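# Generate a structure from the sequence data that follows.
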Amino acid sequence: MPVVVTTRRRRLFGLLLLVVLLLCALAASIALGSRAIGLGAVYDALTCPGGLPLTCPADGTEAQIVRELRLPRTGLALITGLALGMAGALIQGYTRNPLADAGLLGLNAGAAFLAALSIHLFALTEPAQYIWFAFLGALIAGVVVFGISSIGGGKASPLALVLAGAAATAFLQAMTNIVVLLDMDALNTYRYWVVGDIAGHDAAVFWQVLPFLALGVLLALMAGPGLNLLALGDDVARGLGVNLGRSRALGLAAIVLLAGAATAAVGPIAFLGLIVPHLARAVTGPDNRWLIPYAGLIGAITLIFADTLGRLIARPGELQAGFTLAVIGAPFFILLVRRRKLVSL
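Here you go, the predicted model:
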């Protein structure tokens with residue numbers, strides 16, 4: 001059997017396995033927490049939206065927990081984990097930097113600055129209120145970084161993107177610190193967002209970011225073939241007919257939509273966009289046509305698992321998903337770095 005066919009079958013089987021694991025993670029996220037709910041009660045709550053006692057044997061409280069708390073929370077973890085995983089793969093590919101994540105291009109810093117500024121100026125307290133400002137901040141930061149890196153005909157080379165992103169991040173972080181130090185009320189609201197958490201968001205946040213993430217996923221899948229050619233070097237890619245500026249603009253648009261909307265919704269989730277592409281690359285290799293969807297699925301599974309684990313280990317309270325993922329991700333990433341074959345691009 002040809003090697004190409006074998007590799008393709010292995011990758012398809014891996015995608016199927018990830019889908020099965022994702023379904024298991026979704027079921028566990030809805031059923032587990034400070035109050036365990038059986039899968040039968042979960043099924044009843046999801047299939048009986050009216051909650052009529054004669055047709056829905058699920059207890060009213062359990063049905064309310066499932067429909068109003070855990071279902072929106074799990075859905076948000078699904079789409080933001082998917083987005084951050086795919087964005088991480090794109091960022092590492094376009095910057096050719098295995099240590100890159102959304103923070104490298106200033107997206108997290110841009111979202112944080114406008115989120116803090118809007119909380120300070122307009123006394124916003126609900127995520128559904130300041131999420132638009134956070135997304136706008138990430139969008140502006142992405143455009144500025146891409147524009148600065150393209151000055152002088154540089155066409156946003158990997159090195160120029162990294163340098164422009166580092167400069168923008170340092171400036172925006174300083175501005176954010178000024179805002180939150182001047183306003184304690186803004187600091188109290190901002191600190192819950194910046195730690196990165198799935199809890200405390202209703203279904204409105206899910207529907208607000210869903211269109212942007214759906215468009216970002218589409219653009220990310222379209223960017224995969226061009227990114228494969230860019231990995232061969234600018235001169236080779238140009239010789240093969242790739243428009244370098246257009247290809248990088250497409251990738252940056254996908255990154256801004258995915259990382260910007262996800263960060264705006266749940267805050268900067270540390271390590272997710274950094275680790276997930278390495279895990280995906282260990283199976284798919286450098287082919288971005290497979291790497292990007294793999295990274296998305298692994299990102300969704302990882303974030304749902306971290307959120308569920310945070311609810312279980314601190315019952316009846318819970319640990320934020322960002323904190324749980326950082327505690328798990330830091331030693332795991334050190335192990336990945338020691339195994340150089342997993343971090344090579």
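# So residue 315: helix, strand or coil?
coil (DSSP: H, G, I helix; E, B strand; the rest coil).
# Need phi/psi at it.
phi -60, psi 140 (degrees, to the nearest 10).
# Spatially nearest residue to it (excluding sequence neighbours)?
Spatial nearest neighbour of residue 315, chain neighbours left out: residue 34 (4.9 Å); criterion: C-beta to C-beta, 6 or more residues apart in numbering. The C-beta positions use only the backbone N, C-alpha and C, and glycine is treated the same way.
# residues contacting that neighbour?
311, 315-318 (C-beta atoms under 8 Å, 6 or more residues apart in numbering).
# Can I get the buried part of the residues you listed as one PyMOL selection?
The PyMOL selection below is limited to those of the contacts of residue 34 classed as buried (16 or more other C-beta atoms under 10 Å):
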select buried, resi 311+318
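# what secondary structure does the residue nearest to residue 315 sit in?
Going by three-state DSSP: residue 34 is coil.
# Repeat that for residue 198.
coil.
# Same check on residue 98?
Applying three-state DSSP to residue 98 yields a three-state assignment of coil.
# now swap in residue 125 and tell me
Quick answer, by three-state DSSP: residue 125 is coil.
# Find the nearest non-adjacent residue to residue 39, please.
Computed as C-beta to C-beta, 6+ apart, the closest residue to residue 39 that is not its neighbour in sequence is residue 31, at 5.8 Å.
# how about that neighbour, what does it touch?
Residue 31 neighbours (C-beta under 8 Å, 6+ apart): 37-39, 42.
# List just the nearest of these to residue 189.
Distance to residue 189, by C-beta to C-beta, is smallest for residue 37 among the contacts of residue 31, at 30.8 Å.
# Measure how buried residue 184 is and give me the count.
9 (other C-beta atoms under 10 Å).
# now it: how far from residue 121?
Residue 184 sits 15 Å away from residue 121 when distances are taken as C-beta to C-beta, to the nearest Å.
# ditto for residue 106
From residue 106 to residue 121 the distance is 21 Å (C-beta to C-beta).
# higher neighbour count, those two?
Neighbour count, other C-beta under 10 Å: between residue 106 and residue 121, residue 106 has more, with 29 against 12.
# show me what contacts that one?
141-142, 144-145, 164-165, 168-169, 172.
# Mind listing what's buried along the helix or strand hosting residue 273?
Assigned by DSSP states H and E, residue 273 belongs to helix 272-284. Within helix 272-284, the residues that qualify as buried are 272-281, 283-284, counting by 16+ other C-beta under 10 Å.
# what would the residues you listed look like in TSV with distance to residue 331 and pLDDT?
Shown next, in TSV, are the buried residues of helix 272-284 (distance: C-beta to C-beta, whole Å; pLDDT from 0 to 100):
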residue	distance to residue 331	pLDDT
272	15	89
273	18	88
274	13	87
275	11	88
276	16	91
277	18	92
278	14	89
279	15	89
280	20	92
281	19	90
283	21	88
284	24	90
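# What lies in contact with the helix or strand in which residue 331 is found?
If you go by DSSP H and E, residue 331 is part of helix 321-338. Applying C-beta under 8 Å, 6+ apart, the contact partners of helix 321-338 are 77, 195-199, 266-272, 274-275, 278, 302-303, 306-307, 309-310, 313, 342-343.
# make it 6 Å
195-198, 269-271, 275, 278, 306-307, 309-310, 342 (C-beta atoms under 6 Å, 6 or more residues apart in numbering).
# Isn't residue 176 up against residue 114?
No - if you go by C-beta atoms under 6 Å, residue 176 and residue 114 don't touch, sitting 9.1 Å apart.
# And the two? Which one has more around it.
Remark: of residue 176 and residue 114, residue 114 carries more neighbours, 26 against 22, as counted by other C-beta under 10 Å.
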